[in-house]
Each structure stands twice: as C-alpha cells, then as structure tokens.
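Asks: Just need the structure, nothing else, for what follows:
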Amino acid sequence: EVQLVESGGGLVQAGGSLRLSCAASGFTFDEYAIAWFRQAPGKERERVSCISRSATTTYYVDSVKGRFTISSDSAKNTVYLQMNNLKPEDTAVYYCAAGVLMVAGAEWRLGYASWGQGTQVTVSS
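Replies: So this is what the prediction gives:
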C-alpha cells in the first residue's frame, strides 16, 4: 500500500525558508514520480514541483522557479521541497503525491496519484 506523510510545514515570515518532507512507503522511487501540490483557501489545487522516477528530471511551475528545490533521498525513501524566499502567496496546504508522470512539452501532470494528508505552510507579510 502506497503511503505518503508530509511534514515540515509551519509559520514563517516573508523571505524565510522551510523544508518540507514527504516520507514514502509501499513503493520505491524507481516506480513512481513524486510531486508537490498546494491548495490555498478558496483556490484550486495547483502543481508546484515534480521529480521523476529515479530522480533524473525535476519540474517546477514558473512561480516557484529559482526559489524552491525538489530532491529525493532513496535511502530514506523521502522527498524534500526546500522553499526559500517565501512569499505570502505561497501560503497553502502542501501535499505530496506519487504517481505516473506525464509530460507534454513544458507541461506535466501526475496520473494515478496517491496523496498524503498535507501540511500547512503560512507565510506572513
């Protein structure tokens, strides 16, 4: 059974940093891509970043490029999202998901995804 547990969220001032962790079990990183999504109050869930199987390729949405870094540690079966220079608009519940990465040009999405429970990130101005 695929299980994902996020941690590392919290309250931070604008310009600060947080590192989110996604502890995975029930599969290996050779099987599925891992992605981070977020959902702000009153908004639809949006993609943030994705790391492909075996960590060969990473993807970011434009709004976080240069500020967020996704990485994985296969020995710990954990994926990280390092978030620097945080902005109030980054405030959301952040979810990690495991699934099949589908790429078309510059666009990517995660199919057949399993989800974690989410972790709250709040950035104060």
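Asks: only C-alpha atoms for contact and neighbour calcs from this point on.
Replies: OK.
Asks: Residue 46 against residue 35, yeah?
Replies: No: with contacts counted by CA atoms under 8 Å, residue 46 stays clear of residue 35, the gap being 10.8 Å.
Asks: What's the local residue count around residue 26?
Replies: Residues near residue 26, counting by other CA atoms under 10 Å, number 9.
Asks: the more surrounded of residue 46 and residue 35?
Replies: Per other CA under 10 Å, whichever of residue 46 and residue 35 has more neighbours is residue 35, with 30 against 14.
Asks: Okay, the more buried one and residue 48: tell me how far apart.
Replies: Applying CA to CA, to the nearest Å, the value for residue 35 to residue 48 is 7 Å.
Asks: Let me see the contact set for residue 85.
Replies: The neighbours of residue 85, taking CA atoms under 8 Å, 6 or more residues apart in numbering as the test, are 14-17, 67.
Asks: I'd guess it is in a strand, am I close?
Replies: No: under the criterion used here (DSSP: H, G, I helix; E, B strand; the rest coil), residue 85 is coil, not part of a strand.
Asks: What does it show for phi and psi?
Replies: Main-chain dihedrals, residue 85, degrees, to the nearest 10: phi 50, psi 50.
Asks: roughly how far apart are it and residue 13?
Replies: 9 Å.
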